[in-house]
Structure formats: C-alpha cells, structure tokens
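3D model of this:
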Amino acid sequence: MISLYGSGQARSFRALWALEEAELDYQYHHVKIGQPDEGGTRHPSYLSLNAQGKVPTLVHGDLVLTESAAMVNYIASLAPEKQLAPLDDNAMRAKYDEFCFFVLSDLEQPLWTAGKHRFVLPEKYRVEAIFNTVLWELKRSFNALDHHMDGQEYAVGNRFTCADILLAQTINWAVRFELDIPQKYRGYRDRLYARPACIKAAAAATAK
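Numbers count the residues shown, from 1 in each chain. Modelled structure (predicted):
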C-alpha cells in the first residue's frame, strides 16, 4: 500500500492525481504544514521521513520519495498499462523528461518565488520588488511553453501523461495567485481538472 502525505493543492496534489489516474490503492494522510505537533510537518515522526519538513512525502514499502515529479514517474511505472509516461520509447521518454524538467525549473520556479514572498517566508524576508522579476520570468516561460505546445492537446505526444499533471497543477497555482495567464492555458487547466481522476483527487485532498 502506498502512503502519501500532503496538503490541499500543494505539490502533493500531483502525486494524488497520478495515483487516481493509475487506479492504485493508497492511503492519503493530511498533514499540517510547518506545525511541530503530531500530524505536522515539523513533528519528529514526519521529519524522520522528510528531513526538510515539507510536502509531499510518499512511502511504499522501504521506498521514501520527497519530490513530486519523482513520485508521479514512479507511480506511472507501477501502472504501465495506463501509459502515464513513455516507458518503451527512448526518444519520447527523453522529450517527456525534458518537458517535466522545464515545468519544474522554468515555469514553477517564478511561481514558487511569488508564493514564498507572499505567504511562506517570514515577513522580514519578503521582498515586494521581487514580483516585477517574477512577472518577467513568467512571461518568458509562457513564451517558451507556446513554442513547445504549438497547438498540441497534451504536453507530450498525443495522449495524457503525468507531464500534463505537472503542467496543469502549476498553471493552477498561477491562476490561484491571480496572475495574468493566457486564456488558452486557463482552458487547458480547466479541461484537465475536469478529468474524473482529478476530481477524485481533489475530493481526497479536501476530505477530513
């Protein structure tokens, strides 16, 4: 049984969505971010799994993963029949990996910077002027995304993969941060968030 520790629409949602797409059995544990008491990410029992005290954390037998992209790819490997990642085409897998790395390093990075300086960092470390840089970086990243997508329905190839989970959830962050996102990417987010597996994941992420 896979155990996933997460919170709401944090990066843990990517793994939760992938688990639903893969139709794998799992247990989802809601954790309180930054809290030192039991059930919090700063509690010793959680820190023994994730030394950074962050979400997500995935445990499967002796395996412990703490990075969301590694999780979705691992989940994809457990359900090869779902074709959530290219598994037998080296060139397509390279393009898939390239796109996943782009989302994490170029698209998510300015959004996470915005998030940190809005509500994560202690107030004395927040820099209001950073938002001009965030918007500039984000525009460049969406221009690069335009070049990659070029009218494609999905991120890689002609079918849904975990790369779409990474992209759609990252775009959702941008929408939630009330940033100026091209309408076509809002539409892409809306279309993928209407998938039954995503709806189930959203329900699991908010259930008490």
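
CA atoms only for the host helix or strand of Val59, dumped as CSV, please.
Take DSSP states H and E as the rule and Val59 turns out to sit in strand 57-60. In CSV, the C-alpha atoms belonging to strand 57-60 read as follows (Å, rounded to 0.1, in the frame of the first residue of the first chain):
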residue,chain,number,x,y,z
THR,A,57,6.2,12.5,1.1
LEU,A,58,5.4,9.2,-0.5
VAL,A,59,6.2,5.9,1.3
HIS,A,60,5.9,2.5,-0.5
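
what residues sit buried inside stretch 49-65?
Across stretch 49-65, burial judged by 16 or more other CB atoms under 10 Å covers Leu49, Asn50, Gly53, Lys54, Val55, Pro56, Thr57, Leu58, Val59, His60, Leu65. For every residue, glycine as well, the C-beta is placed using N, CA and C.

same for the lowest-mean-pLDDT helix or strand in the chain, what does it pack against?
Ranked by mean pLDDT, DSSP states H and E, the weakest helix or strand in the chain is helix 108-115, scoring a mean of 86. Contacts defined by 3 or more CB pairs under 8 Å, 6 or more residues apart in numbering; DSSP states H and E place helix 108-115 against helix 130-149, helix 162-176.

contacts for the shortest one next, please.
Read it as helix 162-176. With CB atoms under 8 Å, 6 or more residues apart in numbering as the test, helix 162-176 has contacts from 9, 11, 13-14, 17-18, 21, 68-69, 72-73, 75-76, 84-85, 96, 99-100, 103-104, 107-108, 111, 115, 138, 154-156, 181, 185-186, 188-189, 192-193, 198.

pull the residues that contact the helix or strand that that helix is followed by.
On the C-terminal side of helix 162-176, the closest following helix or strand by DSSP H and E is helix 183-193. With contact meaning CB under 8 Å, 6+ apart, helix 183-193 is reached by 142, 145, 160, 164-165, 167-168, 171-172, 175, 198-199, 202.

identify the farthest-apart pair in those.
The most widely separated members of those are Phe142 and Ile199, with 26.2 Å between them, by CB to CB.

quick one, which of the two is more surrounded?
Phe142 (20 against 13; other CB atoms under 10 Å).

so how far is Lys139 from the closest residue in space to the more buried one that isn't next to it in sequence?
Among residues not flanking Phe142 along the chain, Pro182 sits closest, at 6.2 Å (CB to CB, 6 or more residues apart in numbering). Using CB to CB, to the nearest Å, Pro182 is found at 10 Å from Lys139.

that's all I had, so thanks and see you.
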